[in-house]
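# I would like the atomic coordinates for the input below:
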Amino acid sequence: MTLRYCCSESVIRRVEPLVFSMGVAKFQASESHSPRLHLLWTEEKTSVLVDQLESGTLDAMLLAKEAHLGDVDMEVIAHDRFLLAAARTHPLVRARRPVRVSELRGEDVLLLEDGHCFRDQALAICSRAKAHELEFRATSLTTLVQMVAAGGAVTLLPELAVSVEGRGLELRKFAEDAPHRTIVLAWRKSSPLSNALRKIGATIRMSSRALARELGGRARPSTRVPR
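Coordinates of the predicted model:
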């Protein structure tokens, strides 16, 4: 049996396929009577994913719960906190204490282009803080990191992306009530794979925690997150 799933472009591209594969492998090891699943993985913007899931082109999708997902079933995979990211010389990342959202007031901010669910989430935070979004917008998290590292603007990064996409940036955690997103595995309520996907989702959640601990232990010196 082939399982067609897709990851939102703003959900970490190199981590999530690995986590998903680990989850499916563990599920199949524990459910030996179930048909073997062959994975077909793609990557798309959130709006495209939702349309493909509704049309039956996809069986499941990994993305943020805060996006407009439609009428779907889902399993929570991880809670992903946002971090403030900037070049090492930027004044906002020199302090060691957690940053308050209000400190973004008047700051130049770089974000992803329209169509990324993470853009909408980050924009809502920056708008509330009355930060100033620059006209240039990045097409991917990788491009966003490169743009911020080269200039005087700041951005927000998902914590799960730091060990993959955080090279060359200084990072600060937010103070209490830190902004975050919830990563979920979602599927159609009418899907014949519902029971299997719910079990796979729970297994992915455990695999995600294990991988996060492993990546955290291998964090690069250039990516420092003040406690």
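# Tell me who's in contact with the closest residue to Val72 other than its chain neighbours.
When the adjacent residues along the chain are set aside, Val72 lies closest to Ala186, with 4.5 Å between them (C-beta to C-beta, 6 or more residues apart in numbering). Where C-beta positions appear, they are placed from N, C-alpha and C, glycine not excepted. Contacts for Ala186 (C-beta atoms under 8 Å, 6 or more residues apart in numbering) come out as Leu53, Ala60, Met61, Leu62, Leu63, Leu69, Val72, Asp73, Met74.
# Please tell me I have it right and the last one contacts Leu185.
Yes: between Met74 and Leu185 there is a contact at 6.4 Å, judged by C-beta atoms under 8 Å.
# Map the structural domains onto the sequence of the protein.
2-77+181-217, 79-173 (automatic domain parsing).
# would you turn the ones you listed into CSV with mean pLDDT?
Output for the domains of the chain, formatted as CSV (pLDDT from 0 to 100):
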stretch, mean pLDDT
domain 2-77+181-217, 75
domain 79-173, 89
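# Verify the assumption that the residue nearest to Val72 is located in a helix.
No: assessed with DSSP: H, G, I helix; E, B strand; the rest coil, Ala186 is strand; it does not lie in a helix.
# Specify the next element, helix or strand, located C-terminal of the longest strand belonging to the chain.
Assignment by DSSP state E gives strand 72-86 as the longest strand of the chain. For strand 72-86, the following helix or strand on the C-terminal side (DSSP states H and E) is strand 108-112.
# ok, residues contacting that following strand?
10, 118-119, 122-123, 126, 131-134, 136-141, 144, 147-148, 151-156.
# What helices and strands are in contact with the helix or strand following that strand?
Note on strand 108-112: by DSSP H and E, the next helix or strand toward the C-terminus is helix 117-128. Helices and strands touching helix 117-128, by 3 or more C-beta pairs under 8 Å, 6 or more residues apart in numbering; DSSP states H and E, are strand 60-64, strand 72-86, strand 108-112, strand 132-138, strand 154-158.
# what's helix 117-128 in contact with?
8, 10, 46, 63-64, 66-67, 82, 101, 104, 109, 111-113, 133, 137, 141, 155-156, 158, 179, 181.
# Can I get that helix in CSV? Just the C-alpha atoms.
Presented in CSV, the C-alpha positions along helix 117-128 are these (Å, rounded to 0.1, in the frame of the first residue of the first chain):
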residue,chain,number,x,y,z
CYS,A,117,1.6,29.3,7.0
PHE,A,118,4.6,30.3,9.1
ARG,A,119,4.5,33.8,7.5
ASP,A,120,0.9,34.3,8.8
GLN,A,121,1.8,33.2,12.3
ALA,A,122,5.0,35.4,12.4
LEU,A,123,3.2,38.3,10.9
ALA,A,124,0.5,38.3,13.5
ILE,A,125,3.1,38.5,16.2
CYS,A,126,5.1,41.3,14.5
SER,A,127,1.9,43.2,13.8
ARG,A,128,0.8,43.0,17.4
